[in-house]
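Undergrad: Provided below are the primary sequence and the corresponding predicted coordinates.
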Amino acid sequence: MSAALMMPMAVSSAYAADPVVQGTVVSSTPAPAKTTAAAAATTPVTAALPNVKILATGGTIAGSSASNTDVTGYKAGALTIDTLINAVPEMKQLANVSGEQIANVGSPDIDNAVLLKLAKRINELLASDDVDGIVITHGTDTLEETAYFLNLVVKSDKPVVVVGAMRPATAISADGSFNLYNAVKIAGSPKARGKGVMIELNDRIGSARYITKTNTTGTDTFKSVEQGYLGVVSGGNVFFYNESTRKHTTESVFDVTNLTSLPQVDILYEYQNNGSYFYNAAVAAGAKGIVVAGSGNGSMSSASSKGAAEAAGKGVVVVRSTRTGSGVVTHSSSDDKAGMVSSDSLNPQKARILLMLALTKTSSPSEIQTYFDQY
Ligand code: SIN
């Protein structure tokens, strides 16, 4: 039997003995440099290999089901980081791998507190000579949001790779183990430095700025439709072909060091026959920013425009994005007149991430527009 076919069984039996951490943010105990308790027991540190830290947050890559054909009804965020590492021992030929559990949740439950905790821990780790690269295991549903947040606040050129899976670890032909293996390969590669935060699934390396989830269940769900991929992992090697042209990591002005929370930004979806009441509700609930998932080129109904104008009148910054899935929302003189911002090619969920960080610097729509033009 091939190693790949044996993998789900290895995960299942490890899972049975594993203390499961579910549904909550668990404290990350900083491991001694280059090791975790689990990795230390079996893996001596090899000086010739890069040191890669895996930070686990949950998701399907850590998902588990009693049935190996169940790929939709499983529990995401069921397995711990030690189980994930022990299930892919081949990684230890690529890097000195150690892990930390930052959270263990389905990614719809990743919130601003987890984002801040993760970013601060990454900056702390990457400041050390003992860490050459970081892999973050994450649910795919909101993976691009975390990746783009990190792309804006990580203060290092060292590789940071966010990885997930579409099939739980217990499934036949689970995709997580090879995705994780490839992510460790990228994170340990000097070629991956300075690329901004990357996403790896299905052998493709995407920029956090460009890539998005496009399919509910397919393993080829992450696509970079207009701007393309940064590179691929093929035949055991890492290949890069493109670079992100937008500011990231060490060029970014955004800094989480002194942040303990982020401003509330809500997303409102545009549709026929909508009203302005959601705008009022968002403002009443404390929103400092609103992203509109507009129709077409960020279009809004008359009712939405009225709601947005009232919100803007109360100092709330409104950003027009699009529900179309691709393309640029172009900026116009009527945006300037209405005090509105356009999202460039950021989809609504990523526009929300940038707007939260922009609001930590200013509430001026014209200044915030310059961030959307550059990041
Ligand atoms: C999640 O996002 O946590 C569940 C779905 C997945 O990881 O693919």
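TA: Yep, that arrived.

Undergrad: Next up, phi/psi of residue 222, please.
TA: Main-chain dihedrals, residue 222, degrees, to the nearest 10: phi -80, psi 120.

Undergrad: what does the stretch 51-200 of the chain put close to the ligand?
TA: With Cβ under 6 Å from any ligand atom as the criterion, the stretch 51-200 of the chain comes near the ligand at residues 59-60, 76, 106-107, 139-141, 164, 166. (Each C-beta comes from the backbone N, C-alpha and C, glycine too.)

Undergrad: Of the residues you listed, which is the most crowded?
TA: residue 164 (34 neighbours; other Cβ atoms under 10 Å).

Undergrad: Longest strand in the chain, please.
TA: strand 96-105 (DSSP state E).

Undergrad: can you list the domains in this structure?
TA: Following automatic domain parsing, the chain resolves into domains at 3-251, 265-374.

Undergrad: For the first one, the averaged confidence score.
TA: Put plainly, it is domain 3-251. What domain 3-251 shows for mean pLDDT is 87.

Undergrad: all strands for this protein, in order.
TA: Taking DSSP E as the criterion, the chain carries its strands at 51-58, 96-105, 133-137, 160-163, 198-201, 204-207, 212-213, 222-223, 231-234, 237-240, 265-269, 289-294, 317-322, 340-342.

Undergrad: what are the pairing partners of the third one, and which direction each?
TA: Same thing as strand 133-137. Sheet partners assigned to strand 133-137 using DSSP bridges are listed as strand 51-58 (parallel), strand 160-163 (parallel).

Undergrad: any chance of those strands in JSON lines, plus mean neighbour count?
TA: What follows is these, written out as JSON lines (neighbours: other Cβ atoms under 10 Å):
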{"stretch": "strand 51-58", "mean neighbour count": "27"}
{"stretch": "strand 160-163", "mean neighbour count": "28"}
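
Undergrad: Any chance of TSV for the ones you listed, columns distance to residue 260?
TA: Below are the strands paired with strand 133-137 laid out as TSV (distance: least, Cβ to Cβ, whole Å):
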stretch	distance to residue 260
strand 51-58	20
strand 160-163	22
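
Undergrad: quick one, which of those is nearest to residue 44?
TA: The stretch from these with the least distance to residue 44 (Cβ to Cβ) is strand 51-58; that distance is 12.9 Å.

Undergrad: buried residues in stretch 168-178?
TA: For stretch 168-178, burial by neighbour count (16 or more other Cβ atoms under 10 Å) applies to 168-171, 174-178.

Undergrad: Check those residues and tell me the two furthest apart.
TA: Going by Cβ to Cβ, the pair spanning the buried residues of stretch 168-178 furthest: 170 and 178, at 15.4 Å.

Undergrad: residues contacting the residue nearest to residue 74 when sequence neighbours are not counted?
TA: Spatial nearest neighbour of residue 74, chain neighbours left out: residue 65 (3.6 Å); criterion: Cβ to Cβ, 6 or more residues apart in numbering. When contacts are counted by Cβ atoms under 8 Å, 6 or more residues apart in numbering, residue 65 is found next to 73-75, 168, 170-171.

Undergrad: can you give me the helices in the stretch 251-375 of the chain?
TA: Taking DSSP state H, counting those that start in this stretch as the criterion, the stretch 251-375 of the chain carries its helices at 277-284, 302-313, 333-338, 348-359, 365-374.

Undergrad: For residue 231, which of those helices is the nearest?
TA: Distances from residue 231 to each of the helices of the stretch 251-375 of the chain were compared by Cβ to Cβ, and the smallest falls on helix 348-359, at 20.7 Å.

Undergrad: Can you name the residues that contact residue 60?
TA: Residue 60 sits in contact with 74, 76, 139-140, 164-168, 176, where contact means Cβ under 8 Å, 6+ apart.

Undergrad: how near is the residue nearest to residue 219 when sequence neighbours are not counted to residue 179?
TA: Distances taken as Cβ to Cβ, 6+ apart place residue 166 nearest to residue 219, at 4.6 Å, with adjacent residues excluded. Noted for residue 166: a distance of 9 Å to residue 179, by Cβ to Cβ, to the nearest Å.

Undergrad: Need the overlap of contacts for those two.
TA: Residues within reach of residue 166 and of residue 179 at once, by Cβ under 8 Å, 6+ apart, are residue 201.
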